[in-house]
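Asks: Sequence first, then the predicted structure:
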Amino acid sequence: MIGSFVLFPYYLTLRIRHYLFDKNILKTTVPSIPVVCIGNVTVGGTGKTPMTELVIKLLSNDYRVAVLSRGYGRKSKGFLFVGTGDSSIDVGDEPLQIKRKFPQITVAVDKERTRGIERLASLPENERPELIILDDGFQYRRLTPSRNILLIDYQRPIFKDDLLPIGRLRDLPSQMKRAECVVITKAPEFLEEGDRENLRHINHITEEQKMFVTTVKYLPPKAVFENVGDNRYIYSKEVFFFSGIANDKPVILHLSDKYELISHKTFSDHHNFTQSEMVSLVKYANNNPRTLLLTTEKDAQRLLNDKYLTEEVKRRLFFLPVETEFLSSEDTEGFRNYILSGLTTDKGNTPREQEEEIKETREETPAKQEEVRIPETGEVQEADKTPHEEPLPQDEEPEDKKKADSGEPVYIGPVEPVNGGLLF
């Protein structure tokens, strides 16, 4: 009863806001470039960044992909491109992680996502993205994405949770109706028969909504400071783990199977480590010379420019890479097809349809031959397509040869540009 009273003002505010957008009183924008939105209705912990990285892997080989994030926790303002050498203070830890992992793609940050997309759309044609991944944009209703993907933690069904500050919901669970696709994250590697239908039921996922299931894959630790990291510490039996993420319990559970977990320290999500905390880490490392110092990949971005870490700590400081993957190859292909089916080209069809259309045209259309009629016999033959040159008078040299002999530059002709990419 008390909980309902406390939550009512927040609940009412959300209801009014969504009503205004649903009735088109508050306007939304349809971007000129296809946008795939990845988000949730909780305050972190569903794996948005690993999911964003998975979408990049699935599509970046075929399409020019860009990622636009708010850049949570950064001290800068406005629109910024993210570089591999930037500081998390300026661009945020998650965008920096994505850029360092995929340096070939464009990553940008802007709190005003509509403005950010306009900036990306104004890039030169050879740099302009064909697809923008909007990281954590489900609540940004001023924008209508091409695909709206909602993530739900396998262990935390949203209809069994409460709004902030009692629970972890930052939006109404009923808003999941706006998502055409729901991805259940952090599920066990193997599901029993009937588990998928049970997941649909628990999370109120309709038959019209696509549902996919992913699991977490932990990779071997990597040095935070690549140039000085000593990989021998990976094989230590002792580990000190510290993190500033939304939910580190699954990571700790994983580490307990691999190491004799000496100690761990949990900080708030996106925590900026202080001088005293780093001094304490140095002191701990000196007192435990055989212990591996381990953190998360997101936390590592906030440690790269820390001036209080000693060389000894840098040698022993590693992060645990985490990936998300679908439970089956069918899920992987189905998810990729789902995304591509919602992206339209300038001809009004999807990229996949345009690819198939071009392929069919090439296969079905034979090379066209010209026909000529021989006057004497009336027979019709295919014309000889070999080009013929008119003979020059014997006393006249070709103009190009004259220029070459005189040392003048010879004009060969225009070179046609080749463009095999898809335009949206």
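Replies: Sure thing, it's come through. Predicted model, so just to flag it, every value in this text is computed and none were measured. Numbering: from 1, shown residues only.

Asks: what ranges do the helices span in this protein?
Replies: Along the chain, counting by DSSP state H, helices occupy 2-22, 48-59, 88-91, 93-101, 113-121, 195-202, 249-258, 275-287, 297-303, 311-316, 329-341, 351-364, 399-406.

Asks: Please identify which of those is closest to residue 173.
Replies: Across the helices of the chain, residue 173 has its closest neighbour in helix 2-22 (10.6 Å, Cβ to Cβ). In short, each C-beta sits where N, CA and C put it, glycine included.

Asks: picking that back up, most tightly packed of the helices of the chain?
Replies: With neighbours taken as mean count of other Cβ atoms under 10 Å, the helices of the chain reach their highest mean count in helix 93-101, at a mean of 24.

Asks: what's that helix in contact with?
Replies: 48-49, 52-53, 56, 67, 69, 71-73, 82-84, 86-88, 91, 105, 107-109, 135, 270, 297-302 (Cβ atoms under 8 Å, 6 or more residues apart in numbering).

Asks: Figure out which of the helices of the chain is closest to residue 162.
Replies: If you check each of the helices of the chain against residue 162 by Cβ to Cβ, helix 2-22 wins as the nearest, at 6.7 Å.

Asks: Compile the helices of the chain into JSON lines and extend it with columns for distance to residue 226 and mean pLDDT.
Replies: Putting the helices of the chain into JSON lines (distance: least, Cβ to Cβ, whole Å; pLDDT from 0 to 100) gives the following:
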{"stretch": "helix 2-22", "distance to residue 226": "44", "mean pLDDT": "88"}
{"stretch": "helix 48-59", "distance to residue 226": "19", "mean pLDDT": "97"}
{"stretch": "helix 88-91", "distance to residue 226": "17", "mean pLDDT": "96"}
{"stretch": "helix 93-101", "distance to residue 226": "11", "mean pLDDT": "97"}
{"stretch": "helix 113-121", "distance to residue 226": "30", "mean pLDDT": "97"}
{"stretch": "helix 195-202", "distance to residue 226": "39", "mean pLDDT": "96"}
{"stretch": "helix 249-258", "distance to residue 226": "22", "mean pLDDT": "92"}
{"stretch": "helix 275-287", "distance to residue 226": "19", "mean pLDDT": "95"}
{"stretch": "helix 297-303", "distance to residue 226": "11", "mean pLDDT": "97"}
{"stretch": "helix 311-316", "distance to residue 226": "10", "mean pLDDT": "96"}
{"stretch": "helix 329-341", "distance to residue 226": "30", "mean pLDDT": "95"}
{"stretch": "helix 351-364", "distance to residue 226": "36", "mean pLDDT": "59"}
{"stretch": "helix 399-406", "distance to residue 226": "54", "mean pLDDT": "46"}
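
Asks: just so I know, which of those lies nearest residue 139?
Replies: Ranking those by their distance to residue 139 (criterion: Cβ to Cβ) puts helix 2-22 first, at 9.3 Å.

Asks: Show me the strands in the stretch 101-250 of the chain, by range?
Replies: Taking DSSP state E, counting those that start in this stretch as the criterion, the stretch 101-250 of the chain contains strands spanning 106-109, 131-135, 147-153, 181-185, 210-218, 222-223, 238-243.

Asks: to the chain's geometric centre, what's the distance from the first one?
Replies: Mean-position distance between strand 106-109 and its chain equals 10 Å (Cα atoms, centre = their mean, to the nearest Å).

Asks: So which residues make contact with it?
Replies: Counting by Cβ under 8 Å, 6+ apart, the neighbours of strand 106-109 from elsewhere in the structure are 65-71, 74, 79-82, 91-92, 95, 98-99, 116, 119-120, 123, 127, 129.

Asks: can you check the second one too?
Replies: Residues outside strand 131-135 that contact it (Cβ under 8 Å, 6+ apart) are 31, 33-39, 48-49, 52, 55-56, 59, 63-70, 94-95, 98, 113, 117, 120, 140, 143, 145, 343, 424.

Asks: My understanding was that residue 167 contacts residue 161; is that so?
Replies: Yes - contact criterion Cβ atoms under 8 Å: residue 167 and residue 161 qualify, at 4.4 Å.
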